[in-house]
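1. Provided below for reference: sequence and predicted model.
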Amino acid sequence: MNDYSNNLKILIQSGCTIVEIVSYEWQRIHAVVNSVAEDEKVKREWLIWSTASGIRRWNAADTKFISEDAECKDPMDVLKYFQDSTEEIILILEDFHPYCTDRNPEIVRVLREITRQESNKTLILSQPFKFIPEELSKDVALLEIELPTKDTIKTVLDSVISEYIITNCNYTDKLLEAALGLTAMEAKLAFSKAAIKNERLTDMEVPLVIGEKENIIKKDGLLEYYHPDKDMNNIGGLDNIKEWIEKRGYAFSKGAKDYGLNTPRGMLLLGVPGCGKSLTAKAIAKAWNFPLLRFDLGKVFAGIVGESERNIRQALDVAKAISPCVLWIDEIEKGFSGVQGSGSSDGGTTSRIFGTFLTWMQEKKEPVFVIATANDISLIPPELLRKGRFDEIFFVDLPSREERINIFSIHLKNKNREAENFDLKALASASKGFSGAEIEEVVNEALFNAFYEKVEIRTEHILEAIKQICPLSKTMAENITKLRSWAKVRARLASKNTPESLENEEETSVPKLKQEAKNPFM
């Protein structure tokens, strides 16, 4: 008996009359209920109801459902059936949540009556997400079935091997890990497609299973599965981050926990747009050989009550199941910028989403390394900045002269050019205040111009392209100056090199953000 079966058994033996089981996986729910129903200390018949098929009874001898009352499709009728039954039964109501709304107060009332009755009957609400009316929240027990573990995935894989009579099935944990993050049914579909296509199930099918997983994750729209192709060598500068990442990477090894190390939580990258924050997230996943999931907070928010909270829990559950992985949240300040006024603007949805995320960050045990990036520090809630949320907060500044030399060299090599053929020092001097993204654009522009002239690109082409671009360091000089002053005492510099002063930049006192000024503890 697994943990879910044991927990349900305890609830039933404790006299709980209604249990909400949350999972998309009806097969696993049925297996849990059947395991409990067959237990010597419980020994009950179990039935299932849906608005499509009415009531069906499980026949253990024939291992199939037998129709009990095919005409009982009305939700009030099935509740009456349960109340009137003299048997000790477990009755599963599938997808009953549409009836538990304000539009059906009589159904909610009957459910409340059932919770007050002492009997040896148990009603199970089987639904894909949490949905219990406020009136029932204190009376209904909750049991959440998480996404399958590696052991559960192995059971699914072995069943596919048996079903399709696959003889070539010398697989390792790599094939099982490729399916982590999928439901049991999704994993079965992925394995089945691989078995039909290749007539085998070995580690050779890992890319195919991962491809299926990408499509499934993409379908939900909350997460995006990345295959990073850039490593730390593609990043110019940011030496402090590189050293920090190299050390933290060892904390995921088998001996780290025994040594007393905590699993790394994540890092927050603040700084000037275009200076390599997103590239760093991709490079870290590549360096550690972890799956990279991009989490778009903007897609979490939905119009239906409760759906936003459900979305963030679903996304975090997938990340937890796929772990070890890197969860990349780009421009996190945009997702949580409305926290301060959430109560009046959106009924508190943003505040609840933010609270769910903070709690998950604080309590997660799985190796999900969160990399959050932000451009506008003024929009970040102070709760996210306090020590302990992230392992470290790094400030990514404009590249120094030495770093610009390195960045020019990287982009020229990416274009199949020998960096030694260019005057990199002259290019670095001419591009003071340019971000890494602007330097990349300069090289691209120079290539277009040289190709138009039908000549090989030279230093002069790049210098001319530099003159045509007005960098952010000029258009956003005041913002960058304030950002630097703020980060001086609140964040760790990503680079070892001292940043160059901007035009008209003066030493200023450390500014406080608006949200910080309201916080008496900061």
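-> Thanks, I have the structure now.

2. Now the helix or strand where A319 lies: buried residues?
-> Applying DSSP states H and E as the criterion places A319 in helix 307-322. Within helix 307-322, the residues scored as buried using 16 or more other CB atoms under 10 Å are 308-316, 318-322. Every residue, glycine included, has its C-beta placed from N, CA and C.

3. Give me the contact list for that helix.
-> If you take CB atoms under 8 Å, 6 or more residues apart in numbering as the criterion, helix 307-322 is touched by 129-130, 146-148, 180-182, 217, 220, 222-223, 291, 293, 295, 299-302, 325, 327, 349, 352-353, 356-357, 360, 364, 366, 368.

4. So T498 sits against P399, correct?
-> No: T498 is beyond contact range of P399, at 11.7 Å (criterion: CB atoms under 8 Å).

5. more neighbours, these two?
-> P399 (31 against 9; other CB atoms under 10 Å).

6. Need the three-state assignment for the nearest residue to the more buried one once chain neighbours are set aside.
-> Excluding the flanking residues, the one nearest P399 by CB to CB, 6 or more residues apart in numbering is G237, at 5.3 Å. Assigned with DSSP: H, G, I helix; E, B strand; the rest coil, G237 falls in the coil class.

7. Can you go through the contacts of helix 307-322 and name the buried ones?
-> Among the contacts of helix 307-322, those classed as buried by 16+ other CB under 10 Å are 129, 147-148, 180-182, 217, 222-223, 291, 293, 295, 299-301, 325, 327, 349, 352-353, 356-357, 360, 364, 368.

8. if we can go back for a sec, quick one: residues contacting the residue nearest to P399.
-> Residues counted as contacts of G237 (CB under 8 Å, 6+ apart) are G276, P399, S400, E402, E403, N406, I407, A494, S495, N497.

9. Make a PyMOL selection of whichever of the residues you listed turn out to be buried.
-> Buried members of these, defined by 16+ other CB under 10 Å, are picked up in PyMOL with:
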select buried, resi 276+399+400+403+406+407+494+495+497
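
10. Enumerate the positions of stretch 224-237 that are buried.
-> Under the neighbour-count criterion of 16+ other CB under 10 Å, stretch 224-237 has E224, Y225, Y226, P228, K230, M232, N234, I235, G236, G237 buried.

11. Apologies, that question was intended for stretch 455-468.
-> Using 16+ other CB under 10 Å as the test for burial, stretch 455-468 gives I457, T459, H461, I462, L463, E464, A465, I466.

12. Give me the phi and psi for the first one.
-> In terms of degrees, to the nearest 10, the main-chain angles of I457 are phi -60, psi 140.

13. That one touches F448, doesn't it?
-> No: when contacts are counted by CB under 8 Å, I457 is not listed as touching F448 (9.6 Å).

14. which residue packs closest to L269, ignoring adjacent ones?
-> Using CB to CB, 6+ apart, the closest residue to L269 is K277 (4.2 Å).

15. One more: E118?
-> Among residues not flanking E118 along the chain, G15 sits closest, at 6.7 Å (CB to CB, 6+ apart).

16. Check T263 too.
-> By the measure of CB to CB, 6+ apart, the closest residue to T263 outside its immediate chain neighbours is P367, 5.1 Å from it.

17. isn't that neighbour right next to S323, touching?
-> Yes: contact criterion CB under 8 Å: P367 and S323 qualify, at 4.9 Å.

18. how far away is T152 from I439?
-> 48 Å (CB to CB, to the nearest Å).

19. The two - which one has more neighbours?
-> Between T152 and I439, counted using other CB under 10 Å, the more crowded position is I439 (26 against 20).

20. Which residue is the nearest non-sequential neighbour of the more buried one?
-> Spatial nearest neighbour of I439, chain neighbours left out: I407 (5.0 Å); criterion: CB to CB, 6+ apart.

21. neighbouring contacts of the one helix or strand that neighbour maps to?
-> Assigned by DSSP H and E, I407 falls within helix 401-414. For helix 401-414, the surrounding residues in contact (CB under 8 Å, 6+ apart) are 233-238, 399, 418-419, 422, 424-425, 427-429, 431-432, 434, 436, 439-440, 443, 462, 495, 497, 500.

22. Could you measure from R389 over to L268?
-> Taking CB to CB as the measure, R389 falls 8 Å from L268.

23. Tell me, please, where in the chain the pLDDT is lower than the cut-off.
-> Under the criterion pLDDT under 70, the flagged ranges of the chain are 1, 303-305, 338, 340-347, 503-522.

24. can you list the domains in it?
-> Per automatic domain parsing, the structural domains of the chain span 3-144, 150-220, 232-396, 401-432+436-470.

25. what about these, which gets the closest to T481?
-> Of all those, it is domain 232-396 that lies closest to T481, at 11.0 Å by CB to CB.

26. Now do the closest one: distance from first to last residue.
-> One end of domain 232-396 to the other measures 15 Å (CA to CA, to the nearest Å).

27. cool, stretch 50-67 as well?
-> End to end - CA to CA - stretch 50-67 spans 12 Å.

28. Could you list the buried residues of that stretch?
-> By 16+ other CB under 10 Å, the buried positions in stretch 50-67 come out as S50, T51, G54, I55, R56, W58.

29. ditto for stretch 39-53
-> Of the residues in stretch 39-53, D39, V42, R44, E45, W46, L47, I48, W49, S50, T51 count as buried by neighbour count, 16+ other CB under 10 Å.

30. same deal with stretch 72-80?
-> Under 16+ other CB under 10 Å, the buried positions of stretch 72-80 are C72, P75, V78, L79.

31. Could you pull up phi and psi at the residue nearest to E118?
-> Backbone torsions for G15, taken as degrees, to the nearest 10, come to phi 90, psi 20.

32. How about F252?
-> Main-chain torsions, F252, degrees, to the nearest 10: phi -90, psi 0.

33. Check which residues of the longest helix seen in the chain are buried.
-> The single longest helix within the chain, with elements called by DSSP state H, is helix 436-453. By neighbour count on 16+ other CB under 10 Å, the buried set for helix 436-453 is 436-443, 445-447, 449-450.

34. Make sure I92 is indeed in a strand.
-> Yes: according to three-state DSSP, I92 belongs to a strand.

35. Bridged to it, which residues?
-> Using DSSP bridges, the bridge partners assigned to I92 are I48, I124.

36. Quick check, it in contact with I55.
-> No: checked against CB under 8 Å, the pair I92 and I55 is beyond contact range at 10.1 Å.

37. what residues do these two have in common as contacts?
-> Counting by CB under 8 Å, 6+ apart, the contacts common to I92 and I55 are L47, I48, W49.

38. For the helix or strand containing R352, give me every contacting residue.
-> Secondary structure from DSSP H and E places R352 in helix 349-363. Residues from elsewhere that reach helix 349-363 (CB under 8 Å, 6+ apart): 265-266, 297, 300-301, 308-309, 312-313, 316, 336, 338-339, 342-343, 370, 381, 383-384, 388-390.

39. Settle it for me: which of R389 and L268 has more neighbours?
-> A direct count of neighbours by other CB under 10 Å for R389 and L268 places L268 higher, at 23 against 18.

40. Let me know the next secondary structure element after the helix or strand harbouring that one.
-> Assigned by DSSP H and E, L268 belongs to strand 266-271. Scanning forward in sequence from strand 266-271 by DSSP H and E, the next helix or strand is helix 277-288.

41. Give the pairing partners of whatever helix or strand comes next after that following helix; include direction for each.
-> Per DSSP H and E, the first helix or strand lying C-terminal to helix 277-288 is strand 292-295. Sheet pairing of strand 292-295 (DSSP bridges) gives strand 223-226 (antiparallel), strand 325-329 (parallel).

42. List of residues touching strand 292-295?
-> For strand 292-295, using CB under 8 Å, 6+ apart, the contacting residues are 217, 222-228, 281-282, 285, 315, 318-319, 322, 325-330.
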